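> Have a look; sequence and predicted model below, questions after that.
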Amino acid sequence: MVKKKRALIYLILTIFSVVCLYAPDGFSAVEWEMEDSIVLEDKPIAIVLSRDGSTAYFLCRGKILLYSTKSKKVTDTIPVEGNYSGIALTPNGEKLLLTDTGNKQIAVISISRIYDIKIGKSPIIGKKDASVNIVAFLDFQ
């Protein structure tokens, strides 16, 4: 009885494997919907998305537009000189790489995020508009 059940399971799995192997696209379909359209002030040449998907970097002629996918607007601009045609982001998200195939060069742009921390009614020592650097030690030391 156990052997018959095992043989039946093997037969069903074999038939299923053959059907899936020869079926066009494995019975898959794509559903899609146009969610939004982004109007820019310049013609985009290339685009790269941040690792977390919160920022899109649009390479345009003479600048890079930083687009927030949450607020759905351009939040900042990085001016660039050169005839760049491609853009990439390092895995850690700290550098943008621009390619200029005509001049056989690559530009590297370091990115640092600046956060505005509201201090409310906290006591202030020093100038009110002084910049502050915050360092996070991720190794817990």
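Happy to help now that I have it.

> contacting residues for residue 110?
94-95 (C-beta atoms under 8 Å, 6 or more residues apart in numbering). Just so you know, the C-beta spots here come from the backbone N, C-alpha and C atoms, and that holds for glycine as well.

> from now on call the first residue 8
Yep, numbering from 8; the last one is residue 117 now.

> Next one: it from residue 99, what distance?
11 Å (C-beta to C-beta, to the nearest Å).

> Give me the common contacts of the two.
In contact with both residue 117 and residue 99: no residue, using C-beta under 8 Å, 6+ apart.

> what about residue 52, which SS state?
strand (DSSP: H, G, I helix; E, B strand; the rest coil).

> go on, residue 13?
helix.

> Please report the number of neighbouring residues for it.
10 (other C-beta atoms under 10 Å).

> what about residue 13, distance to residue 22?
Counting by C-beta to C-beta - residue 13 and residue 22 are separated by 15 Å.

> What of residue 118?
For residue 118 relative to residue 22 (C-beta to C-beta), the value is 54 Å.

> And residue 69, by the same measure?
From residue 69 over to residue 22 (counting by C-beta to C-beta), the distance is 61 Å.

> so residue 77 makes contact with residue 61?
Yes. Between residue 77 and residue 61 there is a contact at 6.0 Å, judged by C-beta atoms under 8 Å.

> Just want to know which of the two has more residues nearby.
residue 61 (13 against 9).

> got a list of what that one touches?
75-77.

> Do you know the pLDDT at it?
The score at residue 61 is 91. That number is its pLDDT.
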